[in-house]
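S.K.: What shape does this take:
(chains A and B)
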Protein chains: 2
Amino acid sequence: MLIVQKYGGSSLQDPGRMKQVAKRILHLHGSGHEVVVVCSAMGDTSDELIDLAGKVSSDPSAREMDMLLTSGERMSNALMAMAIHELEGAAFSLSGAQAGIFTDASHGRARIVEVVPSRVRQILDQGAIALVAGFQGVSRDTNDTTTLGRGGSDVTAVALAAALKADICEIYTDVDGVFSADPRIVGSARLLETVSYAEMLEMSATGAKVLMSRCVEYARRHDVSIRVRSSFTDHPGTLVSNSMEDVSVEASRVTGVTHTKSIAQITLEHIPAEPSVVAHIFDVLAGAAIPIDMLQNICAPLRPEFSFTVASEDGQRTCALLEEHRARIGYGPVRCDGGVGQVSLVGAGIRSEPGIVATLCRTLAGIGIEVQLISASEIRVSALCRADQLHAAVRALHRSFGLDSDVPAVVYAGTGR
Amino acid sequence: MLIVQKYGGSSLQDPGRMKQVAKRILHLHGSGHEVVVVCSAMGDTSDELIDLAGKVSSDPSAREMDMLLTSGERMSNALMAMAIHELEGAAFSLSGAQAGIFTDASHGRARIVEVVPSRVRQILDQGAIALVAGFQGVSRDTNDTTTLGRGGSDVTAVALAAALKADICEIYTDVDGVFSADPRIVGSARLLETVSYAEMLEMSATGAKVLMSRCVEYARRHDVSIRVRSSFTDHPGTLVSNSMEDVSVEASRVTGVTHTKSIAQITLEHIPAEPSVVAHIFDVLAGAAIPIDMLQNICAPLRPEFSFTVASEDGQRTCALLEEHRARIGYGPVRCDGGVGQVSLVGAGIRSEPGIVATLCRTLAGIGIEVQLISASEIRVSALCRADQLHAAVRALHRSFGLDSDVPAVVYAGTGR
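M.R.: As a prediction, the model looks like this:
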């Protein structure tokens, strides 16, 4: 088999952990597999570099920031190669450019345009382990070093797996896999054995932090199976693949409960009773490239309000923008509420099962939580509540949809945290 | 003018010093010059990385060590670009590969085989400052990142100056320039305004640490004028160029007194009185690529000894090697003495002035220092003495050759050290 493995910063925090990971890599390689490894920067390296940049510049250029930050992954991959050599293994570390990760020239958030892994292939052909610096590439137009943005190392791993036609892409992290809810909040959360791409996408979009949507999208598009697992245990983790896509429509079920507080609720009062008004509002937001999420038009005669949510970081900007256009479009005061949270149920075929929304509403009402907005897609239902009620909502829904496990979830297995 | 500047690690120790250097660079650029800057890694970065490598590997591979260490210069140059941007200057940082520094594939001590500075030229043509990561290049054969070995950033600067036909290559350090002796030992050492390549080569080879021989050799071969100066003061420093080469033969003089303790004296006892024996000994050393320095055959009838010096790090190896061949070649016990020091007088036409050796011997004898070996080249005379007498020897010779200055030498001007 050809296996691509990606190790995150917490798995590489210090020389001791690096040596453990080196052992794991060699063990796999020794079983006769071809192994490609993508290492993130060690522990807090990236934060330290960002800090240094802040000390010489109030607004560091994106190009130079990329040159600076990519050093972190070059270092960790070179160190990993040394740790593997120390155990008598053969390994070579490559920069993103050497591994053939070609991107556009958007520094800080570059998109991969092509992967030409000929040097990686060459290293595998000589029986050695190929180590590739994650998070980075080289701009095809400018020959400058670029970074792929948040979660970039996962994207590197999936992109290499796709280009090399790997059998599996293993994403190593500090938790055992994808859980039915955040195990720090729901003690009885269960580890999911398999999740479909579509479910994982919705879970990532609604608060599951273990994988970024972008990496899952890339995997889905190129049909790369991902296994999310812990670098501290031998648990097989969670398989994210298309294996569930076919059965999903028939077997309606809730797979997991996710939540996020990184959301702001925007409310416009005194909306005029004209159909064109909402279109005008959307035009303003589209012009500023602000994506909106849940929305609901509560048009009770006495309180004609219009409400929707945006990502927290867009909250203030959205408010300011709508205030600016208020007189022209003709609505009342604009409110931005950052004290809200969103709980979501994700699972194949949720929408075709009307009982699910009913159970959600009944469960939350039962513990005195008022739902302020609700929205549903094919495989997800989300509800907006007060932020301080969010954890209670997650726990109650996890229980009422029968997801509680008998075995307590082990959080950060092996690290003692 | 086109000016290449190189800043060492101590000039870039922290964000505060980086900002000072950024100001200096911009000031020069603002006076209408084209400026190329080569930054070393910040302060102790390289030592910290070497330390990390030692924690994951007992014998790190040279290839991975190069990948690891070169990150230091990428970081410092990116940070310098940001510091220049902060002062409204235009600058772009380049890796060694981007700057067209092509080398052979000898990791850890690569030789530059070609410099193709087309991107540097392009940056200068658009009126910006080009920053180049020192110490590193890319192997033409393997496309791997290489390092140039000790003093490599100076070589990068001189090589770029040669390829760009720069008017001057400024090497910034934490002392004011090249002194007539180490000012930490000789308080009355004088700063030299000009030094020829040949003199600088001899001074570097015999203990002056301010420039490595290799960088001076490169400069001489490509006729690049070097100015050694402090990044903490405005002193013009020392010009190293061919300007003195012509007058040198006529005006015999001593330019400076250098010294080193990084030397070991090897002595072979009971040398047989056959001419072929010494040739056999040299064959053994040549076979192990051990360069020898001073040598003298003290063939007193009662004490037929043969003695020479090697670099400290080769001492034990030389001894072991000669013990191995002892029975075959037929000499007596081998001694290695690490407690010696070498003091040297460097200056144009020294050899053609026999009085210089006489003055040297008289001066040292006058303060009770026994000279164990002596050797002379065209522009240098070196004497071997006990290590604990070395500083006294340096001071006495500096005085007797009329080098003492009325103005005390300022050591580490501006840094308070």
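
S.K.: Please, where are all the helices along the stretch 251-400 of chain A?
M.R.: With DSSP state H, counting those that start in this stretch as the criterion, the stretch 251-400 of chain A has helices at A:276-287, A:315-324, A:326-329, A:355-366, A:390-400.

S.K.: closest to B:Ala78 out of the ones you listed?
M.R.: Across those, B:Ala78 has its closest neighbour in helix A:315-324 (29.2 Å, CB to CB). Yep, even glycine has a C-beta here, placed from its N, CA and C like the rest.

S.K.: highest average neighbour count across the helices of the stretch 251-400 of chain A?
M.R.: Most buried of these, by mean neighbour count (mean count of other CB atoms under 10 Å in any protein chain shown): helix A:390-400, with a mean of 20.

S.K.: on that earlier part again, now the weakest link among the helices of the stretch 251-400 of chain A, please, by mean pLDDT.
M.R.: Among the helices of the stretch 251-400 of chain A, helix A:276-287 carries the lowest mean pLDDT, at a mean of 82.

S.K.: among the helices and strands of chain A, which has the poorest mean pLDDT?
M.R.: Using mean pLDDT, DSSP states H and E, the weakest-scoring helix or strand in chain A turns out to be strand A:292-300, at a mean of 65.

S.K.: Would you mind checking the average pLDDT for the longest helix along chain A?
M.R.: As assigned by DSSP state H, the longest helix anywhere in chain A is helix A:62-86. Mean pLDDT, helix A:62-86: 96.

S.K.: Repeat that for stretch A:39-52.
M.R.: Mean predicted confidence for stretch A:39-52 is 93.

S.K.: coming back round to it: touching whichever helix or strand comes after the longest helix of chain A from outside, list them.
M.R.: Using DSSP states H and E, the helix or strand that follows helix A:62-86 in sequence is strand A:91-94. For strand A:91-94, the external contacting residues (CB atoms under 8 Å, 6 or more residues apart in numbering or on different chains) are A:74, A:77-78, A:80-81, A:84-85, A:119-120, A:123, A:128-133, B:63-64, B:67.

S.K.: Quickly run through the sheet partners of strand A:91-94, with directions.
M.R.: With DSSP bridges as the test, strand A:91-94 is paired with strand A:129-133 (parallel).

S.K.: Can you show me the CA trace of the strand it pairs with as PDB?
M.R.: The C-alpha trace of strand A:129-133 is given here as PDB (Å, rounded to 0.1, in the frame of the first residue of the first chain):
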ATOM      1  CA  ILE A 129      10.500   7.400   3.300                       C
ATOM      2  CA  ALA A 130       9.600  10.800   1.700                       C
ATOM      3  CA  LEU A 131       9.000  13.700   4.200                       C
ATOM      4  CA  VAL A 132       7.300  16.700   2.800                       C
ATOM      5  CA  ALA A 133       7.000  20.100   4.400                       C
END
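
S.K.: ok and it relative to helix A:62-86, angle-wise?
M.R.: If you take axes from the mean of the first three to the mean of the last three CA atoms, to 10 degrees, strand A:129-133 sits at 160 degrees to helix A:62-86.

S.K.: And for strand A:129-133, what's in contact with it?
M.R.: Applying CB under 8 Å, 6+ apart, the external contacts of strand A:129-133 come out as A:25-26, A:29, A:35-39, A:70, A:73-74, A:76-77, A:80-81, A:84, A:89-96, A:99, A:101, A:119-120, A:123-124, A:156, A:160.

S.K.: ok, and the closest non-adjacent residue to whatever residue of the stretch 101-250 of chain A ends up closest to chain B?
M.R.: Among the residues of the stretch 101-250 of chain A, A:Asn143 lies closest to chain B, at 6.5 Å counting by CB to the nearest CB. Spatial nearest neighbour of A:Asn143, excluding adjacent residues (CB to CB, 6 or more residues apart in numbering or on different chains): B:Gln98 at 6.5 Å.

S.K.: tally of neighbours for the one you found?
M.R.: Residues lying near B:Gln98 (other CB atoms under 10 Å in any protein chain shown) number 24.

S.K.: That one is in contact with B:Arg119, isn't it?
M.R.: Yes - counting by CB atoms under 8 Å, B:Gln98 touches B:Arg119, with 5.6 Å between them.

S.K.: Are there residues contacting both of those two? Which ones?
M.R.: When contacts are counted by CB under 8 Å, 6+ apart, B:Gln98 and B:Arg119 have A:Asn143 as shared neighbours.

S.K.: which residues touch the nearest residue to A:Leu191 once chain neighbours are set aside?
M.R.: Among residues not flanking A:Leu191 along the chain, A:Gly177 sits closest, at 5.0 Å (CB to CB, 6+ apart). By CB under 8 Å, 6+ apart, the contact list for A:Gly177 reads A:191-192, A:210, A:228-230, A:235-238.

S.K.: Show me how to select, in ChimeraX, the buried members of the residues you listed.
M.R.: Filtering those down to the buried ones (16 or more other CB atoms under 10 Å in any protein chain shown) takes a single ChimeraX command:
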select /A:191,192,210,228,229,230,237,238
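
S.K.: would JSON lines of the contacts of A:Gly177 with pLDDT and secondary structure be doable?
M.R.: Shown next, in JSON lines, are the contacts of A:Gly177 (pLDDT from 0 to 100; DSSP: H, G, I helix; E, B strand; the rest coil):
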{"residue": "A:Leu191", "pLDDT": "94", "secondary structure": "strand"}
{"residue": "A:Leu192", "pLDDT": "94", "secondary structure": "coil"}
{"residue": "A:Val210", "pLDDT": "89", "secondary structure": "coil"}
{"residue": "A:Val228", "pLDDT": "97", "secondary structure": "strand"}
{"residue": "A:Arg229", "pLDDT": "96", "secondary structure": "strand"}
{"residue": "A:Ser230", "pLDDT": "94", "secondary structure": "strand"}
{"residue": "A:His235", "pLDDT": "93", "secondary structure": "coil"}
{"residue": "A:Pro236", "pLDDT": "94", "secondary structure": "coil"}
{"residue": "A:Gly237", "pLDDT": "95", "secondary structure": "coil"}
{"residue": "A:Thr238", "pLDDT": "96", "secondary structure": "strand"}
